[in-house]
Every structure is written in structure tokens, then in C-alpha cells.
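Chemist: fold the stuff below for me.
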Amino acid sequence: MKRPENIYVSLQLDKDQISGDLLLNIQFDKNAPNFSTDKGIISWCPTIEELDFVSEAFEAIAKGKRHKQERQGTTGQGQPEQHDEWEHPTDGKEVLDRVLDRKDRAFIK
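Modeler: Below is the predicted model:
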């Protein structure tokens, strides 16, 4: 694969052993023109392309986490949503219309 211009980082996906969530690791090329070390201080001045690359990867992981939460029926805090046993997955207006329709039919008889 040809290396894109102005991207001197590589990304690696890992899986957290405790939570099972995907983690994104950014690996730096110590010979890149925008990476330096001086007296124990590491500096990275990301290019626009690198920022876009990393941002896109973080967004994909965040989207996957939201999708996983929706599939599991959890809230943003990782807690299961509370559902009453009688709750029907249809729209509330539809349920109300059905109840009123039944009452109308019972009244007509």
C-alpha cells in the first residue's frame, strides 16, 4: 500500500481486556519531520492530513460504540434502559388510537 503524503502516523486497533471496547493507538514515526524529542519532551505537530486521518478513525470507533449501546439497549452511561413489561415497541400515538378505537366499539354495542 502506498503511503499517503503528509501522514507520518499509523493507527492500530486494540481491544480493552476489561470492557471489550475498541481502543485506538496512534504510532508515531520518530523520523517524521513533524515529530521531535528534546530533553525528554516529545513533540508532535500533526499535519492536516494526519488530523483528518485520526479524527476519522475516532469517529468510526465512537459510531461503533453508539451502535453497540443501541443494540444492547443501554443509555449513554452504560446502564440498561428501564422498560415496563407492558410497554409495546410501537409509537405511543398508535397505541392510544387502538385503545380509543376499542372503547368506541364497546360503546357502540
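
Chemist: who does T37 form a beta bridge with?
Modeler: Judged by DSSP bridges, the bridge partners of T37 are I42.

Chemist: quick check, pLDDT for it.
Modeler: Looking at T37, its pLDDT reads 93.

Chemist: mind listing the strands for the chain?
Modeler: With DSSP state E as the criterion, the chain has strands at 9-15, 22-28, 35-38, 41-44.

Chemist: would you mind telling me which of those is nearest F53?
Modeler: strand 9-15 (7.2 Å; CB to CB). Using the backbone N, CA and C atoms, a C-beta is placed for each residue, glycine as well.

Chemist: quick one: the closest one to strand 22-28, angle?
Modeler: 150 degrees (axes from the mean of the first three to the mean of the last three CA atoms, to 10 degrees).

Chemist: quick check: mean pLDDT across strand 9-15?
Modeler: The model assigns strand 9-15 a mean pLDDT of 92.

Chemist: and E59, how far from K65?
Modeler: Going from E59 to K65 by CB to CB, to the nearest Å gives 11 Å.

Chemist: by contact count, what packs against the helix ranked longest in the chain?
Modeler: The single longest helix within the chain, with elements called by DSSP state H, is helix 48-72. On a contact count with 3 or more CB pairs under 8 Å, 6 or more residues apart in numbering; DSSP states H and E, helix 48-72 meets strand 9-15, strand 22-28.
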